[in-house]
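[1] sequence first, predicted coordinates after that:
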Amino acid sequence: MLLALAVAVVAGVVFLAAQARGRNPMVPLELLRARTMALSATIGFALNVGFYGMIFLLGLYLQQEQGLSPMATRLAFLPMTRC
C-alpha cells in the first residue's frame, strides 16, 4: 500500500513538472492557482472519497454484519445507480 502511495506521489510530481515545462500543457498551472478552481477540486475530491468509501464500508457491513450474500449486496446497491 505504501508503495502504491509512493508511486502516486512520484507520478503526480512528474506530471506537474511536465505540465510546467511544456509549451502546450493539458492542465495550465495558472488554472490550479485560481482559488475557485482549487476549492472546487478539493470539494470534488472529498465527495468522491466519501462516496467510494461509503460503498466499500457499506458493502462490508451488509455482508459481514447483516449476513447478506454478495448477490444480495449487489442488489442492495442497485438503487444508488439510478442517479
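    That came in fine, so what should we check first? Numbering: from 1, shown residues only.
[2] C-terminal to the lowest-mean-pLDDT helix or strand in the chain, what's the next element?
    Between all helices and strands in the chain, the lowest mean by mean pLDDT, DSSP states H and E belongs to helix 29-33, at a mean of 83. Remark: after helix 29-33, the chain's next helix or strand is helix 35-60, criterion DSSP states H and E.
[3] now the angle from whichever helix or strand comes after that following helix to helix 35-60?
    Using DSSP H and E, the helix or strand that follows helix 35-60 in sequence is helix 70-77. On the basis of axes from the mean of the first three to the mean of the last three CA atoms, to 10 degrees, helix 70-77 is oriented at 140 degrees to helix 35-60.
[4] for helix 70-77, packing partners?
    In this structure, helix 70-77 packs against helix 35-60, with contacts taken as 3 or more CB pairs under 8 Å, 6 or more residues apart in numbering; DSSP states H and E. (C-beta placed from N, C-alpha, C; glycine too.)
[5] burial count for residue 82?
    5 (other CB atoms under 10 Å).
[6] ignore the last one, residue 27
    Counted with other CB under 10 Å, residues neighbouring residue 27 total 11.
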